[in-house]
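**Q** What would the 3D arrangement of this be:
(one chain, ligands or ions: 1)
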Amino acid sequence: MINVIGLGYIGLPTALMLAKSGYKVIGTDYNVDLIKKLNSGILSFEEKGLTDLFTISLKKGISFTTQYQKTNIYIIAVPTPFLNLSKKLDPSFVINAVNSVLDVCLPNSIIIIESTISPGSIDKYIRPIINARNLTIGKDIHLVHAPERIIPGNMIFELENNSRTIGADNIEIASLVKNIYQSFCKSEIVLTDIRSAEMSKVVENTFRDVNIAFANELAKICRADNMDVYEIIKIANKHPRVKILQPGPGVGGHCISVDPWFLVGDYPDLTNLILTARKINDSMPIHVLSRISEIMKIHNIKDVSKVGLYGLTYKENVDDTRESPTLQLLHQLEKNLSFGIKVYDPFIKSKIVENQFFSFDKFLKDIEILVIMVAHDEIKSKTDSLSGLLILDTKNILNDKKVYKL
Ligand code: SAJ
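**A** I've put the predicted structure just below:
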């Protein structure tokens with residue numbers, strides 16, 4: 001039996017996948033409400049294909065509880081936030097989970113950590129707590145780091161089709177764990193040591209952050225001298241070895257905007273490029289604000305409540321608002337004592353910010369400037385209803401020459 005600890009964006013789909021593949025799976029989470037919901041057949045978040053997977057897994061006998069189970073295989077997928085001041089990883093959830101596992105596990109257990117951790121975390125935080133219990137790593141307990149790579153919005157497909165990495169202290173345990181993941185993962189599974197697994201995960205997200213920062217810096221340069229950044233990127237990308245990403249209102253989500261900080265926090269003297277990239281991406285919501293202010297000036301609009309932000313999530317067609325550029329922008333406005341800007345997102349059904357609308361039509365009626373922060377399919381299909389509005393399109397989804405861009 002596999003006990004999956006932490007039933008969030010990663011743990012839940014992974015647990016369901018394993019159950020569908022025939023493993024006996026019990027999911028554990030300390031959130032009582034979540035467990036109640038899951039046990040009554042209600043999902044905690046929306047994701048393409050998740051409902052079907054949930055139905056199949058329930059039939060296969062998956063169950064959910066707040067209790068850690070007595071077994072010999074654990075997958076830990078709890079959050080690893082970063083500490084705002086030091087920019088270092090907060091390992092407390094992982095440490096607590098490992099401690100709770102150690103309280104109940106059978107001898108010779110495998111603990112697989114899926115949560116993203118900064119390189120060296122297993123050596124620094126996890127091995128010591130096992131040693132402190134007089135347990136021998138490699139005999140009583142086996143440690144594995146198997147970071148995930150799935151992207152919200154396409155999680156189920158990517159769980160089955162992405163290549164993945166398994167880091168372990170020895171090849172026998174790595175192969176054993178590979179067999180488990182092979183029950184649903186059709187792609188290559190690379191076996192390595194734990195530190196390389198930790199580092200490669202953080203490096204992947206940092207690579208993307210740095211590359212998005214390049215696109216965002218280009219957007220600023222082009223704005224300063226009135227060039228069309230999208231045209232320039234389109235042309236540059238015709239070069240066989242150039243693949244510039246798209247600029248946007250900022251970088252959100254719980255991965256790309258967080259993981260690079262682990263490297264900055266641990267290697268402050270060595271992370272010039274990575275830190276600069278982080279700063280560029282974090283500055284994009286302020287860039288959007290100055291664009292809004294320019295448009296207000298051009299059109300002599302003085303009242304910020306005439307401005308509406310479309311989209312609260314960190315990217316299109318998901319309901320996840322963690323670290324979203326819109327929330328970052330609202331935070332900046334609040335810091336400058338500016339209130340009243342309107343907000344709407346079709347995926348956010350409960351009130352999480354001030355002046356939030358739940359009807360697209362009502363939202364549009366109330367504003368003069370529409371700022372597209374997220375390219376949800378909804379707005380792409382409703383471009384006809386936008387006539388008469390001034391538009392700042394930070395996602396470059398509209399073709400109209402009159403529309404303002406980043
Ligand atoms: N973004 C841009 N320009 C782009 C691409 C993205 O501004 O050209 C923005 C998005 O709007 C969003 C943010 O970047 O705000 C991140 O979005 P994303 O879709 O690129 O990635 P995430 O954060 O949803 O998922 C990432 C993925 N990592 C990589 O692509 C290297 C995913 O594979 C990981 O599993 C996930 O992080 C994770 O959990 O680490």
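
**Q** Would you check how far apart residue 164 and residue 45 are?
**A** From residue 164 across to residue 45, the span is 22 Å (CB to CB, to the nearest Å). Where you see a C-beta, it was placed from the backbone N, CA and C, and this is true even at glycine.

**Q** So which of the two has more stuff around it?
**A** The neighbour comparison of residue 164 against residue 45 (other CB atoms under 10 Å) goes to residue 164, with 21 against 13.

**Q** Who are the packing partners of the helix or strand residue 275 falls within?
**A** Using DSSP states H and E, residue 275 sits within helix 272-298. If you count contacts as 3 or more CB pairs under 8 Å, 6 or more residues apart in numbering; DSSP states H and E, helix 272-298 packs onto helix 194-224, helix 259-266, helix 325-335, strand 369-372, strand 390-393.

**Q** phi, psi of residue 402?
**A** phi -80, psi -10 (degrees, to the nearest 10).

**Q** Next up, the contacts around it.
**A** By CB atoms under 8 Å, 6 or more residues apart in numbering, the contact list for residue 402 reads residue 391.

**Q** What of residue 338?
**A** Contacts of residue 338 (CB under 8 Å, 6+ apart): residue 304.

**Q** Please report how far it lies from residue 307.
**A** 10 Å.

**Q** Check residue 172 too.
**A** Counting by CB to CB - residue 172 and residue 307 are separated by 60 Å.

**Q** One more: residue 232?
**A** Counting by CB to CB, the gap from residue 232 to residue 307 is 28 Å.

**Q** now residue 381
**A** 23 Å.

**Q** In terms of neighbours, single out the busier of those two.
**A** For residue 381 versus residue 307, neighbours defined as other CB under 10 Å are more numerous around residue 307 (23 against 9).

**Q** which non-adjacent residue is nearest the more buried one?
**A** Excluding its sequence neighbours, the residue lying closest to residue 307 (CB to CB, 6 or more residues apart in numbering) is residue 369, at 4.6 Å.

**Q** is it true that the one you found touches residue 392?
**A** Yes: in this structure, residue 369 is within contact of residue 392 by CB atoms under 8 Å, at 6.6 Å.

**Q** got any residues that touch both of these two?
**A** Common contact partners of residue 369 and residue 392 (CB under 8 Å, 6+ apart): 292, 295.

**Q** Surely residue 147 touches residue 163?
**A** No: Residue 147 is not in contact with residue 163 according to CB under 8 Å; the separation is 11.7 Å.

**Q** which one of those two has more residues nearby?
**A** With neighbours defined as other CB under 10 Å, residue 147 and residue 163 compare such that residue 147 has more, 22 against 11.

**Q** Let me know the pLDDT of the residue lying closest to that one once chain neighbours are set aside.
**A** If the residues on either side of it in the chain are set aside, residue 147 comes closest to residue 201, at 3.7 Å by CB to CB, 6+ apart. Here, the pLDDT recorded for residue 201 equals 96.

**Q** element containing residue 361?
**A** Assigned by DSSP H and E, residue 361 falls in helix 360-365.

**Q** Can you give me the buried ones in that helix?
**A** Judged by neighbour count (16 or more other CB atoms under 10 Å), helix 360-365 contains these buried residues: 360, 363, 364.

**Q** Can you lay out those residues as a markdown table showing pLDDT and distance to residue 224?
**A** Converted to a markdown table, these look like this (pLDDT from 0 to 100; distance: CB to CB, whole Å):
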| residue | pLDDT | distance to residue 224 |
| --- | --- | --- |
| 360 | 96 | 34 |
| 363 | 97 | 32 |
| 364 | 95 | 31 |
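
**Q** so which of these comes closest to residue 281?
**A** residue 363 (27.2 Å; CB to CB).

**Q** Could I get the buried residue list for the strand or helix carrying residue 130?
**A** Per DSSP H and E, residue 130 falls inside helix 127-131. Using 16+ other CB under 10 Å as the test for burial, helix 127-131 gives 127, 130.

**Q** Give the other helices and strands that the helix or strand following that helix contacts.
**A** Following helix 127-131 in sequence order, the next helix or strand is strand 141-145 (DSSP H and E). With contacts taken as 3+ CB pairs under 8 Å, 6+ apart, strand 141-145 sits against strand 109-113, helix 127-131, strand 164-168, helix 171-182, helix 194-224.
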